[in-house]
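Asks: Build the 3D model from these lines:
(chains A and B)
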Amino acid sequence: MVEQTPPAEGRGPDAGSLIRYREDEPVDHGAVTVDAFLAQTNASAVRVEPGDDVRELLPHLERLALIEVNFPAFGDGRGYSSARILREAGYDGELRAVGDVLVDQVAYMRRCGFDAFDPDAPLDEDDLQAALARWPEVYQSAADSRTPIWNLRN
Amino acid sequence: MYRYDQYDQQMVDARVEEFRDQARRRLEGKLTEDQFKPLRLMNGLYLQLHAYMLRVAVPYGTLNSLQIRALADIAEKYDRGYGHFTTRQNIQYNWIKLEDVADILADLAKVEMHAIQTSGNCIRNISSDHFAGAAADEVTDPRPYAELLRQWSSFHPEFSYLPRKFKIAVIASDTDRAAMRLHDIGIQIVERDGALGAAFYVGGGMGRTPMVAPCINPFVPLDQLITYAEACLRVYNRHGRRDNKYKARIKILVHEMGAEEYTRQVEEEFAHLLEQGVEPPFAELERIRTFFADPPFDAGADVALDRSDPDFALWVDRNTVAHKADGYVSAVISLKPVGGIPGDATAEQMRLMGDLAKEYSFDELRVMHTQNIVLPHVRKADLHAVWTALDGAGLGSPNLDTVEDIIACPGLDYCSLANARSIPVAQRISERFAANGKTAELGQLKVKISGCINACGHHHAGHIGILGVDRKGVENYQLSLGGSEAEDVSLAKITGPGFDEAGIVDAVETAADVYLRERQDGERFLDTYRRIGMTPFKEALYG
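Replies: Numbers count the residues shown, from 1 in each chain, chains lettered A, B, ... in the order given. Predicted coordinates for the structure are as follows:
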């Protein structure tokens, strides 16, 4: 049940420190704020700040291809709930963690449904691989497809 | 008691390697101290005044002899030969070197122990009733639910960067021995129409703004327990304050939002999460329950007791508690010798307690939130042998729940947050009452001392509470009266101006004397205070 580590081509060639675990092409335009997104009809990329209520986006998921969730400080964990809520609502576009994203947070972020990362400071590739390969199993359900230990046991 | 299977073991082993790697990256400069701090805290590693302190989890306070021997070995190998049992049923070591920590965690993992989430802004070790499985008044053993919550909360991907720390306690009787309503979530397993469910109390806590948790749901079905907890946490993670760490605990959210609105949001989230299917299979709860089945009690255990030795009889009266099985008691090992440091035990004492547990208590010990140890299932016929061994090791103090049985935080002797020392005040108080001989007459009198407003010494919940503050560079101690952590929970009120170190010991004795003068038949200190109020105490203290 160990998740696949990212393919070598996972990093988009033009995307700087962008790490993606998706096959599709990255959205080629910038994300707008939640307020701006709700006020216009054509944006397909939005950036969620920690204080935003992502449930406001739920009626519009169909037209969203990229949702960035900003972590201004890695200790502010609201973005984990935002991500899981979006995935629980069926969002299957790109969910990208941006900002103060550190290697020790990435495994939890993956479990909450993030499939792309654009950290302020680049992540060490070896450390990233090690962090993602660390956990043989998981205890609880989240937004990923991993089977919790309690289902493996029973 | 619960035993790891290969999955639990893998997870703990992975954590050891993760921490080893994190420590390496810190030492190589790949992690700044600011980045490393929350990572080491989630492994229970604090930087204190003199050294690193490592806090090891004792889930719901339950240990076996192998485990306490491993704790003893760690104390000798990596520390100064002793450990300190805490108010959250854990143990901490005060003189640890960073480079040893991964090896300590590896030693712990060999005996199915860890330091996971014993600190940091995450869900902490789950605490429970120290008499679980032995108490006659419980509707069921609360520990299977605590274990299920332990698994659910371990490495929880959504709730590892909460606004602030998060403490959960689980009990299963109307008598509260775990300060349940002073936790972020207190759960009481209750019975209704023959079925068990969980009453949720949310938003309690001590600290600088003490609050008693309101009940937000009196009966959550057991097959929805984890989903409900998840809903409680999600509302907190999304809406708890992050602008001010002193207002970041869930009690402030529940208070500011109002319990009704918080409950409404939890119920909404709960309904949503029920559709997501996050609940463990009920078979898992049943699997866990099998580990907590009653040990094979001796049905013919002698109910009589030879009380001819008066010292032994005193210890039996003070330190043993009725058991659900005939011929058995729960025996409390006091870690409060007169003049000692509350909660400290040497490696040799730990080994002795382990030996006694193995021989006389079905290989089980419990850590109490009052910083004592319990042998939960001792035959009355074995009590004299147990007491003799304890007494010979300085562990036979007959002072459970008396004025000598003081809860104290480490205070300024160790802690970087403290404003004042706690330990010496506890030592002077127990010495005073041992010398004046009033301990027995005072009966139940819970004294709790904190060295700063974070209230790790539970002073808000003391029948007599003491808070150390810094007043213009001098340690000063505020006295408060009337708190309780039990089912009659209440928060203590400050008497008036504080005292210096000598003065606070006098003040405690003065308050105790007011009780002795005013009490009516059968009243505890707390009952008398509640009946007569603060005024007579104030007059005696400041008049």
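Asks: Once you drop chain neighbours, what's closest to residue 52?
Replies: In the absence of a named chain, chain A is used. residue A:34 (4.6 Å; C-beta to C-beta, 6 or more residues apart in numbering or on different chains). Glycine gets a C-beta too; all of them are placed from N, C-alpha and C.
Asks: other chain: chain B
Replies: residue B:96 (4.4 Å).
Asks: And the pLDDT at that neighbour?
Replies: At residue B:96, the model reports a pLDDT of 94.
Asks: you'd agree it is up against residue B:54?
Replies: Yes - contact status for residue B:96 versus residue B:54: in contact at 4.6 Å, counting by C-beta atoms under 8 Å.
Asks: if you count what's nearby, which of these two comes out ahead?
Replies: The neighbour comparison of residue B:96 against residue B:54 (other C-beta atoms under 10 Å in any protein chain shown) goes to residue B:54, with 30 against 20.
Asks: how near is residue B:102 to residue B:44?
Replies: Using C-beta to C-beta, to the nearest Å, we find residue B:102 at a distance of 13 Å from residue B:44.
Asks: So between those two, which is more surrounded?
Replies: Each of residue B:102 and residue B:44 has its neighbours counted (other C-beta under 10 Å); residue B:44 has more, 26 against 19.
Asks: residue contacts, the residue most central in space within chain A?
Replies: Closest to where the C-alpha atoms of chain A average out (C-alpha atoms, centre = their mean) is residue A:114, at 1.9 Å. By C-beta atoms under 8 Å, 6 or more residues apart in numbering or on different chains, the residues touching residue A:114 are A:69, A:83, A:95-97.
Asks: try it again with 6 Å
Replies: Neighbouring residues of residue A:114 by C-beta atoms under 6 Å, 6 or more residues apart in numbering or on different chains: A:83, A:95, A:97.
Asks: correct me, but the last one touches residue A:110?
Replies: No - with contact defined as C-beta atoms under 6 Å, residue A:97 does not count as touching residue A:110 (9.4 Å).
Asks: Which part of chain A gets nearest to chain B, residue-wise?
Replies: Closest to chain B within chain A is residue A:77: 2.8 Å, counting by C-beta to the nearest C-beta.
Asks: What's the per-residue pLDDT of that residue here?
Replies: Here the pLDDT value assigned to residue A:77 is 98.
Asks: higher neighbour count, residue A:97 and residue A:110?
Replies: residue A:97 (28 against 23).
Asks: check which helix or strand covers the more buried one.
Replies: strand A:94-99 (DSSP states H and E).
Asks: Quick one: list the elements packing against that strand.
Replies: When contacts are defined as 3 or more C-beta pairs under 6 Å, 6 or more residues apart in numbering or on different chains; DSSP states H and E, strand A:94-99 sits against strand A:66-71, strand A:116-119.
Asks: export those to JSON lines and tack on mean pLDDT and mean neighbour count?
Replies: Formatted as JSON lines, the helices and strands packed on strand A:94-99 follow (pLDDT from 0 to 100; neighbours: other C-beta atoms under 10 Å in any protein chain shown):
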{"stretch": "strand A:66-71", "mean pLDDT": "98", "mean neighbour count": "24"}
{"stretch": "strand A:116-119", "mean pLDDT": "97", "mean neighbour count": "22"}
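Asks: Quick check: residues of chain A near chain B?
Replies: A:75-78, A:80-81, A:84, A:88, A:104, A:108, A:111-112, A:134-137, A:139-142, A:149-150, A:154 (C-beta under 6 Å from any C-beta of the partner chain).
Asks: Locate the one residue in the stretch 401-543 of chain B that gets nearest to chain A within the secondary structure: which element?
Replies: Closest approach between the stretch 401-543 of chain B and chain A, counting by C-beta to the nearest C-beta: residue B:417, at 18.4 Å. Under DSSP H and E, no helix or strand contains residue B:417.
Asks: Surely it touches residue B:453?
Replies: No - assessed by C-beta under 6 Å, residue B:417 is found out of contact with residue B:453, at 9.2 Å.
Asks: between the two, which one's more packed in?
Replies: Neighbour count, other C-beta under 10 Å: between residue B:417 and residue B:453, residue B:453 has more, with 19 against 16.
Asks: Leaving out the residues flanking it, which one is nearest to the more buried one?
Replies: Computed as C-beta to C-beta, 6+ apart, the closest residue to residue B:453 that is not its neighbour in sequence is residue B:208, at 4.3 Å.
Asks: roughly how far apart are the one you found and chain A?
Replies: 21 Å (C-beta to the nearest C-beta, to the nearest Å).
Asks: Tell me the secondary structure at the closest residue to residue A:91 other than its chain neighbours.
Replies: Closest residue in space to residue A:91, ignoring its immediate chain neighbours: residue A:61 at 4.8 Å, by C-beta to C-beta, 6+ apart. Under DSSP: H, G, I helix; E, B strand; the rest coil, the three-state class of residue A:61 is helix.
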